[in-house]
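1. fold the following for me, if possible:
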Amino acid sequence: MTLPPGYFDGLYATSADPWGFTERWYEERKRALTLAALPVRSFRRGFEPGCSLGVLSAELARRCGSLVSTDVSAVVLQRAAGRVPENVELRRWALGDPPPEGSFDLVVLSEVGYYLDAPDLRAALDGLLSVLEDGGTLLACHWRHPVADYPQSGDAVHAAVGELPGLVPLGAWRDEDVVVEVWEKGAAGPGEVSVARREGLVSE
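-> Take a look at the predicted model:
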């Protein structure tokens, strides 16, 4: 069953940083992997569901003209407001709600997909795909170890994303702890999403 918003309110009521976003090397390394995996230097408009304290949001903002970052907890959004720059719009929004207005050329799903059960996740992914522009980037990053409270695993989330129609895989990093994968919407094949080809470094 999909985790309710009250689950997260309870976590933030007992800890200012329940996942150690600001302290753990694991989290710092994961953010570095996430940012390095993005195939484009800068994006027009990004969307980040489940922003929590806004630690990743602040770094994504440097790569986006504007960024919409959301969370289900009003408490954590107040904390994030003091961390993110002016080009970040914070909203109270849950993954699975109707998608925001307009379109995005970047969607980042970082440590959020496994809070939904499989049917709710698929519906949420369909909504995200509907607002992702052709040629846009979808990045997913998730913890791979089992967590008793979560409806599904990080690997299951990534398998669901990979089944979405119209997405072409660009690349991936996978180790025992974390998986980071990147797709592009609407490309005809992997050659169209090669960073080296786009920069003229490969001629054939």
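2. who does the longest strand along the chain pair up with?
-> Secondary structure of the chain read by DSSP state E shows that its longest strand is strand 132-143. Applying DSSP bridges, strand 132-143 is found paired with strand 104-110 (parallel), strand 178-185 (antiparallel).
3. buried residues in the helix or strand just after it?
-> Following strand 132-143 in sequence order, the next helix or strand is helix 154-162 (DSSP states H and E). Using 16 or more other C-beta atoms under 10 Å as the test for burial, helix 154-162 gives 154, 156, 157, 158, 160, 161. Glycine gets a C-beta too; all of them are placed from N, C-alpha and C.
4. can you give me the neighbour number for the residue nearest to the first one when sequence neighbours are not counted?
-> Pointing back at residue 154 there. If the residues on either side of it in the chain are set aside, residue 154 comes closest to residue 142, at 3.1 Å by C-beta to C-beta, 6 or more residues apart in numbering. Residues near residue 142, counting by other C-beta atoms under 10 Å, number 24.
5. what mean pLDDT does stretch 109-125 get?
-> Average pLDDT, stretch 109-125: 95.
6. and that stretch, how far out from the chain's middle?
-> Relative to its parent chain, stretch 109-125 has a centroid offset of 11 Å by C-alpha atoms, centre = their mean, to the nearest Å.
7. residues in contact with that stretch?
-> 1-3, 7, 19, 34, 48-50, 56, 95-96, 128, 138-143, 147, 150-154, 156-158, 160-161, 164 (C-beta atoms under 8 Å, 6 or more residues apart in numbering).
8. if you set the cut-off to 6 Å instead, what comes out?
-> By C-beta atoms under 6 Å, 6 or more residues apart in numbering, the residues outside stretch 109-125 that reach it are 1-3, 49-50, 56, 95-96, 140-142, 150-152, 154, 157, 160, 164.
9. pull out the buried residues from these.
-> Those of those that meet the buried threshold are 2-3, 49-50, 56, 95-96, 140-142, 150-152, 154, 157, 160, 164, by 16+ other C-beta under 10 Å.
10. in the least confident helix or strand in the chain by mean pLDDT, what counts as buried?
-> When the helices and strands of the chain are scored by mean pLDDT, DSSP states H and E, helix 5-14 comes last with a mean of 75. By 16+ other C-beta under 10 Å, the buried positions in helix 5-14 come out as 8, 11, 12.
11. now the strands for this structure?
-> Under the criterion DSSP E, the chain carries strands at the ranges 43-48, 64-71, 88-92, 104-110, 132-143, 167-174, 178-185.
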